[in-house]
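**Q** just need the structure, nothing else, for what follows:
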Amino acid sequence: MKPPAAFPWNDVMAFGLGRLAWPPDQFWAATPREIAAALNAHRGVATSATDRAALSALMAAYPDS
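**A** Numbers count the residues shown, from 1 in each chain. Got it, this is the predicted structure:
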């Protein structure tokens with residue numbers, strides 16, 4: 001079995017700190033999922049949108065006030 005590839009830190013840091021121009025504190029506070037979402041948006045990769053019912057349920061469960 002082949003070992004997993006090393007995490008591409010140089011590429012991820014170049015994208016977050018360079019291309020997106022995130023300040024270091026913002027970059028290091030981002031989760032891998034958030035960075036992946038930003039990368040997908042940058043690449044123009046479509047993601048599934050939340051439907052209105054799901055959004056309403058989330059808003060009821062986690063109100064802003």
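**Q** what strand or helix carries residue 11?
**A** helix 9-13 (DSSP states H and E).
**Q** er, residue 42 I mean
**A** Going by DSSP H and E, residue 42 is part of helix 32-43.
**Q** quick one: low-confidence parts of this structure?
**A** For the chain, the stretches flagged by pLDDT under 70 are 47-49.
**Q** please report the distance of the most centrally placed residue in it from residue 52.
**A** Central residue of the chain (Cα atoms, centre = their mean): residue 34, 1.8 Å from the mean position. When distances are taken as Cβ to Cβ, to the nearest Å, residue 34 and residue 52 turn out to be 24 Å apart. Just so you know, the C-beta spots here come from the backbone N, C-alpha and C atoms, and that holds for glycine as well.
**Q** next one: residue 60
**A** Taking Cβ to Cβ, one finds residue 60 at 12 Å from residue 52.
**Q** now swap in residue 41 and tell me
**A** Distance of residue 41 to residue 52, given as Cβ to Cβ: 22 Å.
**Q** over to residue 43?
**A** 27 Å.
**Q** same check, this time on residue 23
**A** 35 Å.
**Q** what do you get for residue 39?
**A** Residue 39 is 27 Å from residue 52, by Cβ to Cβ.
**Q** of these two, which one has the most company?
**A** For residue 39 versus residue 52, neighbours defined as other Cβ atoms under 10 Å are more numerous around residue 39 (16 against 8).
**Q** for that one, which residues are in contact?
**A** Taking Cβ atoms under 8 Å, 6 or more residues apart in numbering, we find residue 39 in contact with residue 15.
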